[in-house]
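Asks: mind looking at a prediction? Sequence and model below.
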Amino acid sequence: MPQPPSSSFSALIDQSIHVAEKFTLECGMTLKKVPVAYKTWGSLNENKDNVMIICHAFTGSADVEDWWGPLIGRGKAFDPSRWFIFCANVLGSPYGTASPVTVDPEMGKQYGPEFPPTTIRDDVRLHKLVLDHLGVQSVSVVIGGSMGGMAVLEWPLCTPPGYVKYIVPLATSARHSAWCISWGEAQRQSIYSDPTYNDGYYQAQPAVGLAAARMSALLTYRSRDSFEKRFGRKSQVDKKSQQQPMQKLVQGTTEEVLLTPPSTPKSTAHEAFVVHNEGHRNASSLRQKTTPSPTHGLLEVVATVSVSDTSMPTSGEGKGVSVGTDVRGTRTSAHISVPPPKPPIFSAQSYLRYQGDKFTARFDANCYIHITRKMDTHDLARGRDHLYLAGLGLEGDRPVQSSDRGMLAPYESTQQLTPSAHLGDDEDGGALGYVLGLEPPRALVISIATDGLFTTTEQEEIAEYIPEAELVVIPSVDGHDGFLLEFEAINGEVMRVLQREFPEVYEGDGRRGGGGGKEGEEGGGFEIKKTSVFGEAEVDITSW
Ligand SMILES: N[C@@H](CCO)C(=O)O
């Protein structure tokens, strides 16, 4: 099987690669020659402790400028003139760190579906090796949202006490909820159901399944009201989105697949078939289909909707189509005197398809499966119940040691599935509350008010058990992705706590020079200046 370079996706990013000679994962497997992709901005101070770690979300990368760009710059929350900012790509992501698209140095071929399972804790331990390599002595603050927020919560627990001084988790949870686990499962099933997936041993990206997964994921990242406000029942008149071939990623090159079924109706039944399958992206199976029976009966339903509901968008080519009702009350076939109507395309539908295509050009299906499973393992109390018991004096007299904090907590499937005590079961929050109590004090926990994926209740739980933590709920119509879009509000909140917690860092004008893309840039506004490749910011929301 021809192998693409492992950098086929990561080549998009100007980043550094550190290679760890070997790394043992929580699952017990040892990876050799492990690439870790990372980016830094600013420079280390003399004490090598002015360190700000930023943790990326599910499909993000080490390129913070791409997805949180408006937060970086002089006078902003991520100020490279004051901070040494570090962001590393997670295991399993296609953007440079070891993943299913990486070539296994021992086998000489991509890991593919054989890439071993990894956890958020593995990411933290691996990224700390890079910080050690860079000479970092301790970390002032760790900030990140969604999956990045999971890592934020794990950093202080997977490193020696005091190594991390402060944390800002956004739009995240102390453990992955049943709701999130279920969405991940549904999205994996979309990928598995693509006939080209081939158990993960594909040469060409199973783009149809991956696009479907991204479409449903995207809906969980937004909100009902944001879609209503943006799209309503508008039609999509741009023919591009209906007719443009979808690009399939094939080992770094692209091939085209027809998006739409044959468009010349041979009969009214055939037209119904075409309308029925509008948007069905598996063009090859459509080509193999036999013409459906004219008595199929679907035409009536579809044609009636097209012409009797005047609020339905149409391409404008359906004028003159009439649908009658005979004396027995049975619908008759559409009377086609002019070219038949194209299936109606709502703007909202078209946007989803656009997002699906955009995503398959930048992400890998095996990586998608891998990272959703990684998030499923997230539970701060997993394997740490003994800390809680020791705290209650129920596990002998052994004092809690730093090595207990989960740095190499055993990972077994049974443990992964063992629920920790539920918050609220005990007044003290049980094991999870106890573990949250080990986090650095005064954390700023940020929630997006309309987040239906990682709900405000989950951030309330985090804030309740971290000593003296503060919860800020940011109003936003955008749902979960608000953490990638509400730049000004997030910047203000993060700046406020950083100046309070690290007054010494804000003395003077800040340093100039050193490495870092936006070193000299003054704060400026928070408008989106460029459409993010990896994040959700779009300059022109109508450009698709
Ligand atoms: N929309 C973002 C956040 C998900 O939590 C992503 O795709 O990574």
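Replies: Structure's in. What do you need? Residues are numbered from 1 along each chain as shown.
Asks: so which elements touch the helix or strand where residue 35 lies?
Replies: Residue 35 belongs to strand 30-41 when elements are defined using DSSP states H and E. Under the contact criterion of 3 or more Cβ pairs under 8 Å, 6 or more residues apart in numbering; DSSP states H and E, strand 30-41 touches strand 16-24, strand 84-88, helix 120-134. All C-beta atoms are positioned from the backbone trio N, CA, C, and that covers glycine.
Asks: where does the stretch 401-544 of the chain dip in pLDDT?
Replies: 401-428, 511-524, 528-530, 533-536, 539-544 (pLDDT under 70).
Asks: now the helices for it?
Replies: Listed in chain order, the helices of the stretch 401-544 of the chain (DSSP state H, counting those that start in this stretch) span 413-417, 430-436, 456-465, 487-501.
Asks: using a markdown table, lay out the ones you listed together with distance to the ligand and mean neighbour count.
Replies: Shown next, in a markdown table, are the helices of the stretch 401-544 of the chain (distance: least, Cβ to the nearest ligand atom, whole Å; neighbours: other Cβ atoms under 10 Å):
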| stretch | distance to the ligand | mean neighbour count |
| --- | --- | --- |
| helix 413-417 | 21 | 12 |
| helix 430-436 | 21 | 25 |
| helix 456-465 | 13 | 20 |
| helix 487-501 | 14 | 18 |
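Asks: with distance to residue 230 added, can I get the ones you listed in JSON lines?
Replies: JSON lines is the format used below for those (distance: least, Cβ to Cβ, whole Å):
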{"stretch": "helix 413-417", "distance to residue 230": "38"}
{"stretch": "helix 430-436", "distance to residue 230": "37"}
{"stretch": "helix 456-465", "distance to residue 230": "23"}
{"stretch": "helix 487-501", "distance to residue 230": "18"}
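Asks: check the helices and strands packed on strand 30-41 for me and report the most buried one.
Replies: strand 84-88 (a mean of 27; mean count of other Cβ atoms under 10 Å).
Asks: that one pairs with which strands, parallel or anti?
Replies: On the basis of DSSP bridges, the sheet neighbours of strand 84-88 come out as strand 30-41 (antiparallel), strand 51-55 (parallel).
Asks: just the pLDDT for residue 366.
Replies: Residue 366 is assigned 98 on the pLDDT scale.
Asks: scratch that, residue 31
Replies: pLDDT, residue 31: 98.
Asks: name the nearest residue to it, ignoring sequence neighbours.
Replies: residue 23 (5.1 Å; Cβ to Cβ, 6 or more residues apart in numbering).
Asks: dump the residue contacts of that neighbour.
Replies: Residue 23 makes contacts with 30-31, 34, 122, 125-126, 129, as judged by Cβ atoms under 8 Å, 6 or more residues apart in numbering.
Asks: could I get those as CSV with distance to residue 476?
Replies: Below are the contacts of residue 23 laid out as CSV (distance: Cβ to Cβ, whole Å):
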residue, distance to residue 476
30, 43
31, 39
34, 37
122, 32
125, 33
126, 32
129, 36
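Asks: which members of those additionally contact the ligand?
Replies: For the ligand, no contacts are drawn from the contacts of residue 23 by Cβ under 6 Å from any ligand atom.
Asks: tell me the one of these nearest residue 158?
Replies: Proximity of the contacts of residue 23 to residue 158 (Cβ to Cβ) peaks at residue 125, which lies at 5.8 Å.
Asks: just the pLDDT for the closest residue to the closest one other than its chain neighbours.
Replies: Closest residue to residue 125 apart from its sequence neighbours, by Cβ to Cβ, 6+ apart: residue 158 at 5.8 Å. Per-residue pLDDT puts residue 158 at 97.
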